[in-house]
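Novice: have a look at this prediction, sequence included:
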Amino acid sequence: MKIRKEDKVKIIVGKYKGVESVVQKVYSKDSKVLVKDVNIVVRHVKATQNNEGGRIKVERPIDVSKVMLVCPSCNKTTRVGFKKVDGKKVRVCKKCKKTI
């Protein structure tokens, strides 16, 4: 997957369109990412002996196709390319051609 944990991304479609935030977790098997303060849903929790019940806000993962990487050097949304540097495969910004 081209997006990794701790990457800065911008939401390109949906309710949170235009929001820039950081990826907290990547679910590569499902092609989803958990983005901080995006796709917040209300979950109703029943009271137990350890905690009180009520409505809590939870972040849910969104599809990776709905986010776009923000390049750390040029601060623009960009697609990700790959190239080999010293025998290692590295991610490259398609706009400024610098490694990410």
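Specialist: Everything's here; your move.
Novice: okay, and the spatially most central residue of the chain sits in which element?
Specialist: Central residue of the chain (CA atoms, centre = their mean): V23, 3.5 Å from the mean position. Assigned by DSSP states H and E, V23 falls within strand 20-27.
Novice: can you give the strand pairings for the helix or strand following that strand, parallel or anti for each?
Specialist: Counting by DSSP H and E, the element after strand 20-27 in chain order, helix or strand, is strand 32-35. The pairing partners recorded for strand 32-35 under DSSP bridges are strand 20-27 (antiparallel), strand 62-63 (antiparallel).
Novice: got a list of contacts for the longest one?
Specialist: Residues from elsewhere that reach strand 20-27, judged by CB atoms under 8 Å, 6 or more residues apart in numbering: 1, 3-11, 32-38, 59, 61, 67, 70. Just so you know, the C-beta spots here come from the backbone N, C-alpha and C atoms, and that holds for glycine as well.
Novice: quick check: buried residues in stretch 27-36?
Specialist: For stretch 27-36, the neighbour count (16 or more other CB atoms under 10 Å) marks K32, V33, L34, V35 as buried.
Novice: and stretch 84-99, by the same measure?
Specialist: R91, V92, C93.
Novice: what's the closest of the strands paired with strand 32-35 to N75?
Specialist: strand 20-27 (9.6 Å; CB to CB).
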